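Asker: No sequence on hand, only this structure:
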């Protein structure tokens with residue numbers, strides 16, 4: 001199965017996924033890393049894995065539809081079969097959803113349906129919850145509303161700072177995401 005990872009920032013989840021594929025823990029081929037920011041650090045991480053790295057930004061297009069059409073053309077060019085979002089901070093539009101039905105996977109740093117959106121960790125922390133976690137889900141037309149594939153739970157102690165909680169969440173992400181992707185690939189190969 002040919003996988004593309006879409007990412008916007010640092011890329012720690014990308015690196016864990018790429019390493020799992022390299023180590024044959026995920027029986028797939030990572031054919032493309034795409035970022036919507038030319039200066040995203042994830043692109044530096046991508047170069048280490050010797051895979052094609054592409055980027056363009058929304059501001060380079062007349063509208064979101066043109067941007068998404070270019071992204072869809074890129075995914076088609078690389079014969080992508082599964083799209084994996086790893087910190088990709090854009091809403092997926094209807095054309096991409098139609099082209100990849102139930103084949104776009106996202107990771108969210110909270111236990112959905114609680115704390116959807118951009119600041120899942122911070123929102124959970126500020127709400128004072130005693131448990132939060134990570135959700136891996138298929139992407140639909142809503143914001144973090146698609147069918148849940150798996151969740152990992154994290155206890156929040158009274159001593160945890162926001163930074164402590166972020167560290168705990170990232171540890172669960174880095175364990176759970178490759179496991180779930182391996183299962184998805186195996187079930188769909």
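Answerer: In hand now; what should we look at? This is a predicted model, so every value here is computed, not measured.

Asker: what's the helix or strand containing residue 150 in contact with?
Answerer: Assigned by DSSP states H and E, residue 150 falls within strand 148-155. Residues from elsewhere that reach strand 148-155 (Cβ atoms under 8 Å, 6 or more residues apart in numbering): 105, 111-112, 130-138, 165, 168-169, 172-173, 175-176, 179-180, 184. From N, CA and C alone the C-beta is placed, and that goes for glycine too.

Asker: Just the ones in helices from these, please.
Answerer: Among the contacts of strand 148-155, the ones falling in helices (DSSP state H) are 165, 168-169, 172-173, 175-176, 179-180, 184.

Asker: Return the member of these nearest to residue 7.
Answerer: residue 173 (12.8 Å; Cβ to Cβ).

Asker: which residues in the protein form strands?
Answerer: According to DSSP state E, the chain carries its strands in the segments 2-7, 29-35, 53-55, 82-85, 104-108, 131-138, 148-155.

Asker: Which other helices and strands does the fifth one contact?
Answerer: Translated: strand 104-108. Applying 3 or more Cβ pairs under 8 Å, 6 or more residues apart in numbering; DSSP states H and E, one finds that strand 104-108 contacts strand 82-85, strand 131-138, helix 162-188.

Asker: Would you mind listing the outside residues contacting the second one?
Answerer: For strand 131-138, the external contacting residues (Cβ under 8 Å, 6+ apart) are 102, 104-112, 114-115, 120-121, 124-125, 144, 146-156, 165, 169, 172-173, 176-177, 180.

Asker: Just the buried subset of these, written out for ChimeraX, thanks.
Answerer: A single ChimeraX command selects the buried members of the contacts of strand 131-138 (16 or more other Cβ atoms under 10 Å):
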select :104,105,106,107,108,109,110,111,112,114,115,120,121,124,125,144,146,149,151,152,154,156,165,169,172,173,176,177,180
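
Asker: next one: stretch 115-130 to chain centre, how far?
Answerer: How far stretch 115-130 lies from its chain's middle: 18 Å, per Cα atoms, centre = their mean, to the nearest Å.

Asker: Quick one: end-to-end length of that stretch, please.
Answerer: End-to-end distance of stretch 115-130: 14 Å, with Cα to Cα, to the nearest Å as the criterion.

Asker: Then stretch 52-61?
Answerer: Start and end residues of stretch 52-61 are separated by 22 Å (Cα to Cα).

Asker: Tell me which residues touch residue 119, please.
Answerer: Counting by Cβ under 8 Å, 6+ apart, residue 119 has no contacts.

Asker: That one and residue 186: what is the separation?
Answerer: Separation of residue 119 from residue 186 (Cβ to Cβ, to the nearest Å): 33 Å.

Asker: before we move on, what about residue 89?
Answerer: 29 Å.

Asker: Likewise for residue 14?
Answerer: As judged by Cβ to Cβ, residue 14 and residue 186 stand 21 Å apart.

Asker: Who has more neighbours out of those two?
Answerer: Remark: of residue 14 and residue 186, residue 14 carries more neighbours, 28 against 12, as counted by other Cβ atoms under 10 Å.
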